[in-house]
Every structure is written in structure tokens, then in C-alpha cells.
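*Asks:* coords below, sequence missing:
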């Protein structure tokens, strides 16, 4: 069985089960009203449908939402009378998944006999400005290339 991950056109809103149930009861009305709000700002993004999962609700749009679109959708959801604002968490687009392979890093830390570990790699990635908008979803794996060479693949 193949399962499809949310695409970049899916806006994910995490919220409590109580809020999720209340939102889904009137979802058709909310879709119409969100589309009116988006139309008022002359956006080409429109909400197609809404469904819920264990984390909250997922709003499917016809195009990838810009930050202004996300802001207006967030504002509308928070302004509804049925939703408790305290139980609503962040609104975000689903992220693309990529794999980063770093080759030819020294296996031993500089001037020591200690092998490099995943925590050190994570610290380096988190402190590097190149990776500002990247979230690491799993621990890096450090693999020594061979017993004869002092290099790794991460």
C-alpha cells in the first residue's frame, strides 16, 4: 500500500481534538468564509477542502500558499467563535523531505583520538547559517568509509 504525504498545497493546523471536532462540523461554512477572506486580498489561492487527522486539520488549497495567505487563514481560524484560541498551535505548510549526504569528513575529531558522533554533526549543522531554514527530522548517521581511511560519510 502506498500512502501519500501532504503536498506543499496542504496547510496543517495543529489543534486539540475538541477544536478539531467543532471545526469539522462547520467546515463547509469555514471554507466559504476563508475563500472570501483570500479573495478580498486578491489572492489566487483558494481552499478546496478540509480534512482532519490525529494532529489537527489539513486545509488543501489549489496553489501553494504564500505567507500572507497563511496569515489570513490563521487569522480567520482564530477569529471563529467555536474555537478556543489557547488550544491552537502553529500553522505551517508541509515540508519537503530531502536527504543530505556529506562525504569525506574526518572520522576523528581534530587533535584527538575521539571519533565524530551524531551529536557533534547536529551541533555543526544547527550552528551553520547555510542550514537556517532546515529542520533535521532524524539523527545523522556517521559511517566510516573504511578501516584504512580516516574519513566518514554522514
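*Replies:* The structure has been received and is ready for your questions. Please read these numbers as outputs of a predicted model, since none were measured by experiment. Numbers count the residues shown, from 1 in each chain.

*Asks:* tell me the SS of residue 63?
*Replies:* coil (DSSP: H, G, I helix; E, B strand; the rest coil).

*Asks:* ok, it - how many residues close by?
*Replies:* Other residues within reach of residue 63 by the criterion other Cβ atoms under 10 Å amount to 12. For glycine as for every other residue, the C-beta is placed from the backbone atoms N, C-alpha and C.

*Asks:* equivalent analysis for the one 5 residues further on, please.
*Replies:* Here the count is done by other Cβ under 10 Å, and residue 68 has 12 residues near it.

*Asks:* where's it relative to residue 74, distance?
*Replies:* Per Cβ to Cβ, to the nearest Å, residue 68 is found 11 Å from residue 74.

*Asks:* then residue 66?
*Replies:* 13 Å.

*Asks:* could you do residue 22 as well?
*Replies:* Noted for residue 22: a distance of 17 Å to residue 74, by Cβ to Cβ.

*Asks:* now residue 116: how far from residue 141?
*Replies:* Distance from residue 116 to residue 141, by Cβ to Cβ: 11 Å.

*Asks:* looking at the two, which is more packed in?
*Replies:* Neighbour count, other Cβ under 10 Å: between residue 116 and residue 141, residue 116 has more, with 20 against 10.

*Asks:* what's the domain layout of the protein?
*Replies:* 10-93, 103-153 (automatic domain parsing).

*Asks:* re earlier: okay, residue 66 and residue 74: which has more neighbours?
*Replies:* Ranked by neighbour count (other Cβ under 10 Å), residue 66 and residue 74 place residue 74 first, with 16 against 13.

*Asks:* which pLDDT does the model give the more buried one?
*Replies:* Here the pLDDT value assigned to residue 74 is 82.

*Asks:* tell me the contacts of the closest residue to residue 153 other than its chain neighbours?
*Replies:* Distance criterion Cβ to Cβ, 6 or more residues apart in numbering; nearest residue to residue 153, sequence neighbours excluded, is residue 143 at 4.8 Å. Taking Cβ atoms under 8 Å, 6 or more residues apart in numbering, we find residue 143 in contact with 152-154.
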